[in-house]
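Engineer: need a 3D model of the following:
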Amino acid sequence: MTIAICPGSFDPVTVGHVDIIKRASKLFDRVIVAVLVNLEKQPWFTIEERKHLLSKATADIPNVEIEGFSGLLADFAREKKASAIVKGLRAVSDFEYEFQMALTNRKLDENLETVFLTTSAQNLYLSSSIVKQVGIFGGDIHSFVPECIHDEILLRIKQRSQLK
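Structural biologist: Numbers count the residues shown, from 1 in each chain. Presented below is the predicted three-dimensional model:
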């Protein structure tokens, strides 16, 4: 059985994230979407909320599981017996960072491969930051996030914008 880890902050999950997860699910027997605690970011959603949103957004993909983790990705992958990490790439700037991370993970575990999936053209510009920024200013985020979680994401954006 081939197992892959698809890591990210997912704060919030976008249609671009779901596209990469769906495509990874066709390449591997099991895909673990790993919601990470990133010490460099201040998340808008708790890790439990992000796991909940991802579970709803990927409910139709039978070989996908959602888990939270902190620490080294290579250690998490080893614990889960994963042979690959799947990362989505939007631009050259993504590649530079992700290439460094891939080399680091390979140094930590020589059996761990990183598979890069290029984003679909319609999601090239899309990021969680864009979703939050557009939402704060009252823009329509329907095409940015899965419909099944749109209202939950919009509610949080409205809550956050009222605090500012």
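
Engineer: below-threshold pLDDT in this structure: ranges please.
Structural biologist: Applying pLDDT under 70 to the chain flags residues 163-164.

Engineer: in it, which helix is the longest?
Structural biologist: helix 92-108 (DSSP state H).

Engineer: can you give me the strands for the protein?
Structural biologist: Per DSSP state E, the chain carries strands over the ranges 3-8, 30-36, 64-69, 84-89, 113-118.

Engineer: any chance of CSV for those, columns distance to Glu98?
Structural biologist: C-betas here are computed from N, CA, C, even on glycine. Formatted as CSV, these follow (distance: least, CB to CB, whole Å):
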stretch, distance to Glu98
strand 3-8, 11
strand 30-36, 14
strand 64-69, 18
strand 84-89, 5
strand 113-118, 7
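
Engineer: quick one, which of these is nearest to Gly138?
Structural biologist: strand 3-8 (26.4 Å; CB to CB).

Engineer: so that closest one versus strand 113-118, what angle?
Structural biologist: Using axes from the mean of the first three to the mean of the last three CA atoms, to 10 degrees, the inter-axis angle of strand 3-8 relative to strand 113-118 is 60 degrees.

Engineer: neighbouring contacts of strand 3-8?
Structural biologist: Here strand 3-8 makes contact (CB atoms under 8 Å, 6 or more residues apart in numbering) with 17, 20-21, 24, 27-36, 69, 73, 76-77, 80-87, 115.
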